[in-house]
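Compute the structure for the input listed below.
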Amino acid sequence: MMNPIGIKRSRSASLSFMLALSVSLAACSPQLSRTLDNTPDPELTRQGAFPNINVAGQQPPGKLMTPDELKQATASLKAQSARNNPQAAQAALKQSAASNAALEKTAATHAKKTLSEIQERCGEPGADATKCPQ
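Sure thing, here's the model as predicted:
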């Protein structure tokens, strides 16, 4: 059937489309309502829980150290560090220096050594042709 402007209309096709659209929107409505939910988060309104951004200026839960307790803990840690063996520290530093030197030596020669090993295999099946001299 033609309308007065000359465009064909198919009522059964548009009815089917509208029915499919309404079914798909009905299936999505619980998801849409959850997505567009603007109610406040109950975790943000609980009184007495930390952190609560809706209540400012409260002391965080737990006990903070007093200045005397802080001085005592600091003095204890300093005493423990003074009891450490200085020879053990020197031995660890020497071992670290030797290990670092070995790693530096390996780093300086590894790339050339690996490339030469790859280039020795040029011409063998499965060799990486991009590493072979051209």
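
I'd say D128 and E117 touch.
No. Taking contacts as C-beta atoms under 8 Å, D128 lies outside contact range of E117: 11.2 Å. (C-beta placed from N, C-alpha, C; glycine too.)

how near is Q90 to S96?
Separation of Q90 from S96 (C-beta to C-beta, to the nearest Å) stands at 11 Å.

How about M65?
35 Å.

Report the helix or strand with the lowest average pLDDT across this structure.
helix 42-45 (a mean of 66; mean pLDDT, DSSP states H and E).

Now the element after it, going C-ward?
Using DSSP states H and E, the next helix or strand after helix 42-45 towards the C-terminus is helix 67-82.

Residues contacting that following helix, please?
M65 (C-beta atoms under 8 Å, 6 or more residues apart in numbering).

what about the chain, any weak spots by pLDDT?
Low-confidence segments of the chain (pLDDT under 70): 1-10, 23, 25-37, 41-61, 134.

Please repeat the previous calculation with a cut-off of 50.
Applying pLDDT under 50 to the chain flags no residue at all.
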